[in-house]
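J.: Sequence isn't available, so here's the structure alone:
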């Protein structure tokens, strides 16, 4: 994917506007994303879709470093910041979209 955030935003917008695409994305997320992007995702990539609902909060944590106790606060911040490019949002409330 050229720009992960832009691609994710486009997929989310399509899912909000197209109920059939949304159903397929929930049922088979990786296959549906690959079809939408027109390219395979990297080998070993796992895709999980969480449907928001009013009153829900989704918090996405980056993968933990091998030995976080050995990292300084600055290094941990860099790990968290580099992970943010892989997600549309780390903190998402399930509020309805006004698209």
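T.: Yep, that arrived. Just so it is clear, the structure is predicted and the values come from calculations on it, not from any experiment.

J.: so what does the longest helix along the chain touch, helix or strand wise?
T.: If you go by DSSP state H, the chain has its longest helix at helix 4-17. Helix 4-17 sits against helix 19-27, helix 29-37, with contacts defined as 3 or more C-beta pairs under 8 Å, 6 or more residues apart in numbering; DSSP states H and E. All C-beta spots, glycine's among them, are computed from the backbone N, C-alpha and C.

J.: could those helices go into a markdown table alongside mean pLDDT, distance to residue 48 and mean neighbour count?
T.: Below are the helices and strands packed on helix 4-17 laid out as a markdown table (pLDDT from 0 to 100; distance: least, C-beta to C-beta, whole Å; neighbours: other C-beta atoms under 10 Å):
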| stretch | mean pLDDT | distance to residue 48 | mean neighbour count |
| --- | --- | --- | --- |
| helix 19-27 | 97 | 10 | 14 |
| helix 29-37 | 95 | 7 | 16 |
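
J.: quick one: the longest helix of the chain to helix 19-27, angle?
T.: 120 degrees (axes from the mean of the first three to the mean of the last three C-alpha atoms, to 10 degrees).
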